[in-house]
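From the sequence below, what's the structure:
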Amino acid sequence: MSRRSKDINMLEGPLLGKVFLFALPLMATNLLQMLYNAADMIVAGMSGVEGAIGSIGTTGAMINFILNIFSGFAIGTNVVVARNIGRGDKEATSQSVHTSLVMAALFGAVCAVVGLFASRPILKLLGDEGHVLELATLYTRIYFAGAPFLAVSNYLIAIFRAKGDTRTPLYILTATGLLNVGMNLFFVLVLKMSVDGVAYATVIANAANVVILGIVLMRDAGWCRLELRKLRITGTAMKEIIRDGLPAGVQGMLFSLSNMLIQSTIIGINNTMCPGGSAVIDGNAAATNLEGFAYVATNSVYQAAVTFTSQHHGAGKYKRIGTVMRCCYFVTGLVAVVSAAILLIFRHPLLSLYIQNGSELALETAYTRFYINIAPYFTLAFMEVGSGVLRGLGKSTLSTVISLLGSCVFRLLWIYLIFPLKPVLWMVYLSYPISWALTALTHFTVSMIVRRRCMRMYPEQEDVLSYGEMKE
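This next block holds a predicted model:
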């Protein structure tokens, strides 16, 4: 069975071009998803309902808090499938694919139930009140109703990514994203809905993703082929996915918890500066959404670091992991600098898409976040790559501990100890770049130590059967 043209051979030949080849379609996919998320907020703002943009913005940390513990297992799926491919184990690859999809459906169902019942109490605890609370609750309840579709979609994309195919998800998500935008416009402009309309559009788009991605994977000729009769949980595969995915899920959940604390602090500043209004949270939501474009661009290189390192770890090629690291740090640094430059240069026209009423306070809030967070964004990019390398080396728990101490714990201490000394908005935002830099340095240092230890403990394995070489 010859290697399919869309699947990258990561274990042989030069790596820099392959990292670009892997990351660019994934980057385009992530950017398109962010563009469609931005369209949700922009179209919701077109509804004319006051606080629509801000209400959606206040839900992000809470939604991620509930989703991340389960979506972290998608990282586990990526690591385990890629590692099994690197080992040349066809049967284990198939078991991990089918086990992960069953787990995704179960996790998504649990997530939906939790989200439906917990949304309003959590949003109220964060400080949402009045019409903002009502809009945010409506949006999150509809969003979580579609959580099973979102979960399965993410796991399917992780499987494609693990085998080196980032183009197929790009094509499919482009089509379903356009569907999302079209449904947004239909629900809001034609049916006169607001945040509920964009939430329904998101659910429909995620359901379409599952159907199309599933059909394509069922027609795949490689080891990751989806066969409905094989959909069951295999104990060994489940344990590996949980082992590598649980730390990522816990990390994501606790990151969201720290972001919820920061979001609550920003809501408190909003309620103080503009009682009954939403200018501060509107500006913060707009800047955060635009900042997300830089994040998903650099996160694509994190995914490359995870996948390339996992395959090389499975094949026992630890010397080449050093080249993987150099390539990924170079690419992510380049992406971060270019992304930051674009956002800073075009900040005013971009923000005007969200803040259509020209609120000076909303614009001032957005500019403050931009100046503090965007310029040093390369530190976040380096932090992500270091974390990805450690996960690929099978040190997911260690990566999580470093990230939690360097980012989450640091931010919590900052909000409780440093922020009260000067309780202004820029002090809240300053916690981000400092924590990124500290965590990035630690991740890099530890990943170098772990790789060198592996080189001493395990000999190079050059005779591992690579993906696509096994005969049927």
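
Tell me who's in contact with residue 243.
With contacts taken as C-beta atoms under 8 Å, 6 or more residues apart in numbering, residue 243 has the following neighbours: 76, 396. C-beta: built from backbone N, CA, C; applies to glycine.

cutoff 10 Å now
76, 79-80, 394, 396-397 (C-beta atoms under 10 Å, 6 or more residues apart in numbering).

Tell me how many other residues surround residue 424.
For residue 424, the neighbour count with other C-beta atoms under 10 Å is 11.

which stretches of the stretch 351-472 of the chain aren't confidently modelled?
Low-confidence segments of the stretch 351-472 of the chain (pLDDT under 70): 356-358, 459-472.

those helices in it, which residues are they?
360-373, 377-392, 396-403, 410-413, 425-457 (DSSP state H, counting those that start in this stretch).

Which other helices and strands does the second one contact?
Looking back up the chat, that one is helix 377-392. helix 52-87, helix 235-273, helix 279-315, helix 318-345, helix 396-403, helix 425-457 (3 or more C-beta pairs under 10 Å, 6 or more residues apart in numbering; DSSP states H and E).

Output the contacts of residue 243 in JSON lines; the columns should cover distance to residue 418 and neighbour count.
Listed next are the contacts of residue 243 as JSON lines, based on distance: C-beta to C-beta, whole Å; neighbours: other C-beta atoms under 10 Å:
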{"residue": "76", "distance to residue 418": "35", "neighbour count": "27"}
{"residue": "79", "distance to residue 418": "36", "neighbour count": "32"}
{"residue": "80", "distance to residue 418": "40", "neighbour count": "32"}
{"residue": "394", "distance to residue 418": "36", "neighbour count": "19"}
{"residue": "396", "distance to residue 418": "30", "neighbour count": "26"}
{"residue": "397", "distance to residue 418": "29", "neighbour count": "17"}
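
And those, which two are furthest apart?
Spanning the widest gap among those are 80 and 397, at 14.9 Å by C-beta to C-beta.

before we move on, the earlier item: could I get the contacts of residue 243 as a markdown table with distance to residue 327?
Shown next, in a markdown table, are those (distance: C-beta to C-beta, whole Å):
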| residue | distance to residue 327 |
| --- | --- |
| 76 | 24 |
| 79 | 19 |
| 80 | 23 |
| 394 | 20 |
| 396 | 21 |
| 397 | 25 |
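
Which of these sits closest to residue 406?
Closest to residue 406, out of all of the contacts of residue 243 and judged by C-beta to C-beta, is residue 397, at 14.8 Å.

For the protein, give me the ranges with low pLDDT.
Using pLDDT under 70, the chain drops low at 1-7, 61, 69-70, 128, 356-358, 459-472.

Quick one: distance of the helix or strand containing residue 117 to the chain centre.
Remark: residue 117 resides in helix 90-126, with elements defined by DSSP states H and E. Its chain's C-alpha centre lies 15 Å from the corresponding centre of helix 90-126 when counted by C-alpha atoms, centre = their mean, to the nearest Å.

and the angle from that helix to helix 279-315?
Helix 90-126 runs at 160 degrees relative to helix 279-315, counting by axes from the mean of the first three to the mean of the last three C-alpha atoms, to 10 degrees.

Buried residues in helix 90-126, which are they?
Neighbour counts over helix 90-126 (16 or more other C-beta atoms under 10 Å) mark 90, 92-104, 107-108, 111-112, 114-116, 119-120, 122-123, 126 as buried.

now do stretch 328-337
Residues 328-329, 331-333, 335-336 are the ones in stretch 328-337 that count as buried (16+ other C-beta under 10 Å).

Let's have those residues in CSV, adding distance to residue 305.
Shown next, in CSV, are the buried residues of stretch 328-337 (distance: C-beta to C-beta, whole Å):
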residue, distance to residue 305
328, 4
329, 9
331, 9
332, 8
333, 13
335, 13
336, 14
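
Just the closest of the residues you listed to residue 37, please.
residue 335 (19.1 Å).

can I assume the closest one is in contact with residue 28?
No: counting by C-beta atoms under 10 Å, residue 335 stays clear of residue 28, with 12.0 Å between them.

any residues in contact with both of those two?
Counting by C-beta under 10 Å, 6+ apart, the common neighbours of residue 335 and residue 28 are 297, 300.

Look up phi and psi at residue 346.
Main-chain dihedrals, residue 346, degrees, to the nearest 10: phi -110, psi 30.

Fine by me, thanks again.
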